[in-house]
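Visitor: quick check, what structure comes out for this input:
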Amino acid sequence: MRKNLLLTAIFAVALACSARADLVTNGSFENGTFVDNGSGFDTLLSGSTAITGWTVTSGSIDWIHTYWQPEDGEYSIDLSGNEPGGLAISTNLATVAGQSYQLSFWLAGNPDGPPTIKPLTVTIGGVPYTFTFDETGHSRPAMGWINETVTFTATGTTSLSFASTSGTPYGPALDNVSVNEVTSQVPEPGSLMLLGSGLAGLAGFVRRKLQ
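Guide: Got it, this is the predicted structure:
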């Protein structure tokens, strides 16, 4: 039993060596000034900073609460509010030039209306990436969220935006956004000391068992 516990501890230390803090503030849109008019969502117009850490940069979006199933927490976003097309939210990331990062986000679609295929454009540091979500067979209680990722290399502070190009008020849905460093899995000195101590302890335990 002690051997199994020690191995588990060593494995946990090794994982911690490569962990880095998420650079996105409020990536699941849980914090801010939400006003529910009874619909289960709050429509935010261009220029709004009601969602902590984010700015509505064009058109309008719907900040969803109880209207449909979120992927994480209690809130999510419909990137098409009451105006079709060209709708976006954005944030800035404190990235380091030359460092590689991975963006992760969860994508679904408003099931209330067309198009069936919901298009989303993600722009990172001025570079656009296009994603789509097929909302066939999905509904408000079962949104069918899928995880999407993009790996990029920063040139300094990085702008990040998400935009709907659906052309209707029924846009792509967004939740649980995160950005983390892509590491080489090389432990830092402090973690190496912990790992070495654990290995030494395991070796001593094994020797005692063999004697």
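
Visitor: domain map for the chain?
Guide: 1-20+186-211, 21-182 (automatic domain parsing).

Visitor: lowest-confidence stretch among those?
Guide: Among those, domain 1-20+186-211 carries the lowest mean pLDDT, a mean of 46.

Visitor: tell me who's in contact with the residue most central in space within the chain.
Guide: Relative to the mean C-alpha position of the chain, the nearest C-alpha, by Cα atoms, centre = their mean, is the one of V177, at 1.8 Å. Residues in contact with V177, defined by Cβ atoms under 8 Å, 6 or more residues apart in numbering, are V24, G27, S28, L103, S104, F105, W106, L160, F162. Heads up, the C-betas are built off the backbone N, CA and C, glycines and all.

Visitor: my read: the fourth one touches V127, true?
Guide: No. Applying Cβ atoms under 8 Å, one finds L103 not in contact with V127, separated by 11.1 Å.

Visitor: just to revisit the earlier point, out of the domains of the chain, which is the most enclosed?
Guide: Of the domains of the chain, the one with the most neighbours on average (mean count of other Cβ atoms under 10 Å) is domain 21-182, at a mean of 18.

Visitor: pull the distance from that domain to the chain's centre.
Guide: Here domain 21-182 is found 9 Å from its chain centre; the criterion is Cα atoms, centre = their mean, to the nearest Å.

Visitor: residues in contact with the closest residue in space to M143 that isn't next to it in sequence?
Guide: Leaving out its chain neighbours, the residue that sits closest to M143 by Cβ to Cβ, 6 or more residues apart in numbering is A108, at 4.1 Å. Taking Cβ under 8 Å, 6+ apart, we find A108 in contact with 71, 76, 118, 133, 135, 138, 143-146, 172-173, 175.

Visitor: with L160 instead?
Guide: Contacts of L160 by Cβ under 8 Å, 6+ apart are V24, S90, T91, N92, L93, L103, V122, T123, I124, V177, V179.

Visitor: ok, M143 next?
Guide: W68, Q69, E71, A108, G109, P111, A173.

Visitor: from the residues you listed, which is closest to T49?
Guide: Distance to T49 across those (Cβ to Cβ) is lowest for A173, with 20.7 Å.
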